[in-house]
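> no sequence on this one, just coordinates:
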């Protein structure tokens, strides 16, 4: 089940229909979890559905503001998405077991399942594909993160000191 469902019944398409959709706070939280984001502050789309031979063509734009996690430092990385959408939903992509040959221009072809298409899921998938798979923080943020790093020796010393403080008999042992 999609976190951001906005079904458009096929009989609503007629000669063409435009939809403006936006994810609410609960949907954005679910999508942030799905796409492993720190936050998804905005996800909106303006999509136009037009009849096409064998299905429906959907065009428009998806816009979003999110916070990703830097792949190297774990710091926050703001992401602004402004992505065009061009999808073709078809009734018959091929029968079960039938081999379907896809060409480069066919990569944005999706099956129509039932009597509607889900514009919300189309927007969510477009958003997900537009995200940087390896986000990196800016140089200043990375430099600040590096300054907070400690060596393995320093980490071992800190751990030993914490263990000594946690054990009240450690002082007695050192003094004997």
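Here it is on my side, so go on. All of these numbers come straight from a predicted model, not from anything done at the bench.
> and the helix or strand hosting residue 87, what's buried?
Assigned by DSSP states H and E, residue 87 falls within strand 76-90. Of all the residues in strand 76-90, those buried under the rule 16 or more other C-beta atoms under 10 Å are 77, 79, 81, 83, 85, 87-90. (Glycine included, C-beta is placed from N, CA and C.)
> pLDDT on the helix or strand sitting right after it along the chain, on average?
Sequence order places strand 109-111 as the next helix or strand after strand 76-90, per DSSP H and E. Mean pLDDT, strand 109-111: 88.
> next: stretch 57-73.
For stretch 57-73, the mean per-residue pLDDT is 93.
> how is the protein partitioned into domains?
7-137, 139-176 (automatic domain parsing).
> so which of those domains is the most surrounded?
The highest mean neighbour count among these, using mean count of other C-beta atoms under 10 Å, belongs to domain 7-137: a mean of 16.
> mind pulling up the pLDDT for the residue nearest to residue 7 when sequence neighbours are not counted?
Closest residue to residue 7 apart from its sequence neighbours, by C-beta to C-beta, 6 or more residues apart in numbering: residue 116 at 4.3 Å. If you check residue 116, the pLDDT there is 94.
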